[in-house]
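S.K.: predicted model follows, preceded by the sequence.
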Amino acid sequence: MEEEAEAEEQQRFSYQQRLKAAVHYTVGCLCEEVALDKEMQFSKQTIAAISELTFRQCENFAKDLEMFARHARRTTINTEDVKLLARRSNSLLKYITDKSEEIAQINVERKARKKKKSEDGNHNSRELAEAGVVESEK
Amino acid sequence: MLGPAVRCCDTFTSRASGFHPSAALLVTYWTALGEELVSRLLHAHFKDDKTKGAVSGDSLQLMAELLKIFVVEAAVRAVRQAQAEDAILVDVDQLEKVLPQLLLDF
């Protein structure tokens, strides 16, 4: 029994390590962009520190989001919860609010396009079906 | 220590008004803080069994944005600090100095 628990612990640990590695890679890429833009080099320790920071901050974010959703008596986390996360700085809040409207707009348009495509598809197949029926009746 | 902290606020206030232009460009054109990564990151820390399913698609994209800004903001502020100190390299010392205000802003 103990062995099983240990193995599970080990698995969880290595999953976490893989997540951290993925974050580290992404942070490295983003910092590379900043370094190129500002013509300033980052030391490896700095990049490692920022990625550790991001990982820990994610933990706080996740717990907060969960709490917010539960407080609102929901089981799904939605954009209102995320906006609440960004409340501490006014300009950050404004940026996130604008972004959320932009994302909502893009998704609405995407859904509308998908719906139109499927409607057109149905329309065409219905026409074909009617044509087929008419033929067979003859 | 109020000096550097006040200067750090500039990054965000300039975002509201006109945005520090290069930072804005970075954040909008880099699209991949992979949504799957963000989803896995959040799920790894959910404690409540009921929430374990559910983050809406929109909020996942928004969270990706937020995390991107977090990283870029940390990097840019550290660079500013290094420039102010006439350092050739952005080292952990510079990051440490901008960390308190960064965490307060998030």
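M.R.: Arrived safely.

S.K.: determine the longest helix present in chain B.
M.R.: Ranked by residue count and defined by DSSP state H, the top helix of chain B is helix B:57-84.

S.K.: following element in sequence after it, please.
M.R.: Next along the chain after helix B:57-84, taking DSSP states H and E as the criterion, comes strand B:89-90.

S.K.: what about that following strand and chain A, any contact?
M.R.: Yes: Strand B:89-90 comes into contact with chain A (C-beta under 8 Å from any C-beta of the partner chain), by way of B:89-90. Yep, even glycine has a C-beta here, placed from its N, CA and C like the rest.

S.K.: and that strand, what does it pack against?
M.R.: strand A:41-42, helix B:57-84 (3 or more C-beta pairs under 8 Å, 6 or more residues apart in numbering or on different chains; DSSP states H and E).

S.K.: list the contacts of it.
M.R.: A:35, A:40-43, A:46, B:75, B:78-79, B:81-82 (C-beta atoms under 8 Å, 6 or more residues apart in numbering or on different chains).

S.K.: show the contacting residues for A:Glu55.
M.R.: In this structure residue A:55 is Phe, not Glu. By C-beta under 8 Å, 6+ apart, the residues touching A:Phe55 are A:19-20, A:23, B:41.

S.K.: now B:Val55. Its backbone dihedrals?
M.R.: When quoted as degrees, to the nearest 10, the phi and psi of B:Val55 stand at phi -120, psi 130.

S.K.: and the contacts of strand B:89-90, which is closest to A:Ser100?
M.R.: B:Ala75 (23.6 Å; C-beta to C-beta).

S.K.: gap between the closest one and chain A?
M.R.: Distance of B:Ala75 to chain A, given as C-beta to the nearest C-beta, to the nearest Å: 4 Å.

S.K.: can you tell me the closest non-neighbouring residue to that residue?
M.R.: Spatial nearest neighbour of B:Ala75, excluding adjacent residues (C-beta to C-beta, 6 or more residues apart in numbering or on different chains): A:Val34 at 4.2 Å.

S.K.: that neighbour touches B:Val79, doesn't it?
M.R.: Yes: assessed by C-beta atoms under 8 Å, A:Val34 is found in contact with B:Val79 at 6.5 Å.

S.K.: which residues do those two both contact?
M.R.: Common neighbours of A:Val34 and B:Val79 (C-beta under 8 Å, 6+ apart) are A:Met40.

S.K.: of these two, which one has the most company?
M.R.: B:Val79 (25 against 22; other C-beta atoms under 10 Å in any protein chain shown).

S.K.: gap between that one and chain A?
M.R.: Between B:Val79 and chain A the distance is 5 Å, computed by C-beta to the nearest C-beta.

S.K.: I figured that residue hits A:Glu39, correct?
M.R.: No: with contacts defined as C-beta under 8 Å, B:Val79 does not count as touching A:Glu39, sitting 9.3 Å away.

S.K.: number of nearby residues for A:Val82?
M.R.: By other C-beta under 10 Å, the residues close to A:Val82 number 26.

S.K.: where does it fall, secondary structure wise?
M.R.: Per DSSP H and E: helix A:79-85 holds A:Val82.

S.K.: which strands or helices does that helix pack on?
M.R.: Using 3+ C-beta pairs under 8 Å, 6+ apart, helix A:79-85 sits against helix A:44-71, helix A:90-137, helix B:57-84.

S.K.: residues of it that come out buried?
M.R.: Of all the residues in helix A:79-85, those buried under the rule 16 or more other C-beta atoms under 10 Å in any protein chain shown are A:79, A:81-85.

S.K.: and the angle for the host helix or strand of A:Glu6 with helix B:57-84?
M.R.: Using DSSP H and E, A:Glu6 maps to helix A:2-38. Going by axes from the mean of the first three to the mean of the last three C-alpha atoms, to 10 degrees, helix A:2-38 is angled at 60 degrees with respect to helix B:57-84.
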